[in-house]
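**Q** Generate a structure from the sequence data that follows.
(one chain, ligands or ions: 2)
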Amino acid sequence: MPRKIIIDTDPGVDDTMAIFFALCSPELELLGLTTVFGNVHTKLATKNALRLLEIAGRTDIPVAHGADDALTGDFEGPVPFVHGEDGQGDIFLPDPARAPIDLSAAQFIVEQLRANPGEITLVPIGPLTNIALALRLEPRIAGWVDEVVLMGGNALAPGNASPAAEANIRNDPEAADLVFGADWQVTMVGLDVTLRVHMKPEHIAEYATHGNPLSAHITRILPHYRNYFEANYDAEGIYVHDSSAIAYLIEPDLFTLRRWPIRVGALGLGRGKTWPATGGRIPPEWESRPLVNVCVGVDGERLVALEAERLRGA
Ligand code: BDR
Ligand code: CA
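**A** Ligands and ions are numbered 1, 2, ... in the order given. Here you go, the predicted structure:
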């Protein structure tokens with residue numbers, strides 16, 4: 001039986017790769033995409049989600065439009081220098097033929113979990129606003145979910161949106177603190193591992209030889225994203241963020257985990273930093289919080305090969 005998932009996403013170049021990776025993996029059944037602000041505004045994230053499902057020939061999968069702003073403040077704005085003005089590496093696709101469904105992202109998540117208790121894994125690969133809103137709408141979803149496997153955060157590694165914080169968490173720290181504190185199993189696939197998953201120029205080149213629409217789209221959108229990485233990191237190619245969460249669902253043995261309670265910094269320079277309680281004595285602010293599976297090690301080469309293998313077979 002494939003594992004049922006809902007991907008909450010802000011597509012986004014690496015979100016695109018992650019969605020396609022999931023669609024090519026028989027272990028996973030994608031029940032829907034829910035959209036959120038982050039790499040782009042939510043309106044564009046929704047359009048892109050619909051466009052991606054068209055490219056993949058999966059217009060049977062619903063898209064639900066999500067939050068436009070963070071729980072406690074306005075969205076601080078997209079990152080065109082990373083993902084392009086269109087969130088797709090500045091290739092400017094035509095408008096999608098379909099529209100999103102009438103339910104909001106939070107409503108869709110609640111309805112799906114209610115209908116399939118114990119069976120669905122939520123896979124947020126953007127800011128955690130929709131997941132927090134779903135929890136507020138129906139707190140019982142914590143008991144209905146199978147697991148929450150998210151891309152975001154940095155336990156022991158430095159941040160990428162600021163020296164302290166990772167981008168998804170930095171975009172809505174209050175939502176993230178609610179999600180890490182709810183009574184469900186969260187697995188955090190954050191910068192501690194994703195900055196060790198290196199997709200090199202030779203891997204990227206291989207996608208152009210696959211000869212299917214998914215890999216062809218990835219080949220079109222990657223150059224802009226890759227330029228950003230090469231200008232800002234001391235490496236050629238890219239680091240693999242969102243697809244690492246998909247790989248965890250398919251092959252968890254690629255990762256090593258530690259289990260710590262997590263709090264999220266809300267103020268000042270530490271805003272958006274995910275703080276694990278790693279020491280012997282648990283401070284009161286971390287007490288009574290669930291243990292999060294924090295990915296701290298990864299077989300990056302095998303992960304990159306797994307994703308390419310799946311896309312080759314698309
Ligand atoms: C995360 O931020 C976004 O730019 C990416 O899509 C990914 O989800 C990495 O920090
Ligand atoms: Ca993302």
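**Q** in the chain, which segments are predicted with low confidence?
**A** For the chain, no stretch is flagged by pLDDT under 70.
**Q** for ligand 2, what are the nearby residues on the protein?
**A** Neighbours of ligand 2 within the chain, by C-beta under 5 Å from the ion: D10, G12, D15, I125, G126, D242. Glycine gets a C-beta too; all of them are placed from N, C-alpha and C.
**Q** Can you tell me the closest non-neighbouring residue to the fourth one?
**A** It stands for I125. Once flanking residues are discounted, I125 sits nearest to D242: 4.1 Å by C-beta to C-beta, 6 or more residues apart in numbering.
**Q** Verify the stated contact: the one you found with G12.
**A** Yes: with contact defined as C-beta atoms under 8 Å, D242 reaches G12; the gap is 7.2 Å.
**Q** got a winner among the residues of the chain next to ligand 2 for most neighbours?
**A** The most crowded member of those is G126, carrying 33 neighbours; neighbours defined as other C-beta atoms under 10 Å.
**Q** Could you report the separation of that residue from ligand 1?
**A** For G126, the distance to ligand 1 (C-beta to the nearest ligand atom, to the nearest Å) stands at 6 Å.
**Q** How about A245?
**A** 9 Å.
**Q** thought that residue was touching V148?
**A** No: shown here, A245 and V148 do not form a contact pair, counting by C-beta under 8 Å, at 10.2 Å.
**Q** When those two are compared, which one has more neighbours?
**A** In terms of neighbours (other C-beta under 10 Å), A245 is the more surrounded of A245 and V148; the figures are 28 against 24.
**Q** intersection of neighbour lists for D242 and G12?
**A** I125 (C-beta atoms under 8 Å, 6 or more residues apart in numbering).
**Q** Find the residue closest to the closest residue to ligand 1 within the stretch 51-200 of the chain in space, skipping its chain neighbours.
**A** Nearest residue of the stretch 51-200 of the chain to ligand 1, counting by C-beta to the nearest ligand atom: A167, 3.7 Å away. Nearest residue to A167, sequence neighbours excluded (C-beta to C-beta, 6+ apart): A161, at 4.0 Å.
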